[in-house]
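Asker: just a sequence and a predicted model for now, questions to come.
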Amino acid sequence: SQKIEQNSEALNIQEGKTATLTCNYTNYSPAYLQWYRQDPGRGPVFLLLIRENEKEKRKERLKVTFDTTLKQSLFHITASQPADSATYLCALGSRAGNNRKLIWGLGTSLAVNP
Amino acid sequence: EPEVTQTPSHQVTQMGQEVILRCVPISNHLYFYWYRQILGQKVEFLVSFYNNEISEKSEIFDDQFSVERPDGSNFTLKIRSTKLEDSAMYFCASSGQGQNIQYFGAGTRLSVL
């Protein structure tokens, strides 16, 4: 069955450092992969989308890579700030027509310490 | 900035009762979704809706669940006879034509007692 795994342990880093989060998947060939941020008791907030034919995407302090051979995506936050503390979710989408459902990882909790 | 709005933010109900969760998607979006997240677990897909019909539904979305777009703005999820295990956060999302990005509401916390 399809499986998505993210760093199981919470990540604690110092302000200013780069946070790197991992998303691995099996038994799936996604057309695209998305990263979302989720704060406690809130809905996911879209951050970045990367397609299967793209290797890297950047947006401000965020960078995402996608390796379809390794079936892995890495999500980087550079110059991290305490406000970046949240849970980060990886979600995969298929290419089928009007079927745009997302399959989600459990998320990685990030704490950025001042 | 346009956003998806969900009401109520918290719904408490007795087991066996019917509940309706309401969502107002972003106005020019055409694709609508419901997901749920049980406390401490993954976000799970329930159903997608396009062109006034269900595009896909998961195994969770059994006969107890239904969705409706009763007018041009609302998108509802009905659970006919709630069970204890239906307790979760329910998220509505929408996306636009040609877009894969889904925009989520803040969620409705459903507590079944």
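Answerer: Perfect, thanks for sending it. Numbering: from 1, shown residues only, chains lettered A, B, ... in the order given.

Asker: use CA for all of it now, contacts and neighbours both
Answerer: Will do.

Asker: quick one, what contacts A:Leu74?
Answerer: By C-alpha atoms under 8 Å, 6 or more residues apart in numbering or on different chains, the residues touching A:Leu74 are A:Thr20, A:Leu21, A:Thr22, A:Cys23, A:Val64, A:Thr65, A:Phe66.

Asker: separation between A:His76 and A:Phe66?
Answerer: According to C-alpha to C-alpha, to the nearest Å, A:His76 and A:Phe66 sit 12 Å apart.

Asker: do stretch A:36-53 and chain B meet?
Answerer: Yes. Using C-alpha under 8 Å from any C-alpha of the partner chain, stretch A:36-53 comes into contact with chain B via A:Gly41, A:Arg42, A:Gly43, A:Pro44, A:Val45, A:Phe46, A:Leu49.

Asker: and the closest residue to A:Leu110 other than its chain neighbours, what pLDDT?
Answerer: In this structure, A:Leu110 finds its nearest non-sequential neighbour in A:Leu11, 4.8 Å apart by C-alpha to C-alpha, 6 or more residues apart in numbering or on different chains. With respect to pLDDT, A:Leu11 scores 93.

Asker: what does A:Asn99 give?
Answerer: For A:Asn99, the predicted pLDDT is 66.

Asker: with B:Gly72 instead?
Answerer: Looking at B:Gly72, its pLDDT stands at 78.

Asker: rewinding a little: more neighbours, A:His76 and A:Phe66?
Answerer: A:Phe66 (23 against 18; other C-alpha atoms under 10 Å in any protein chain shown).
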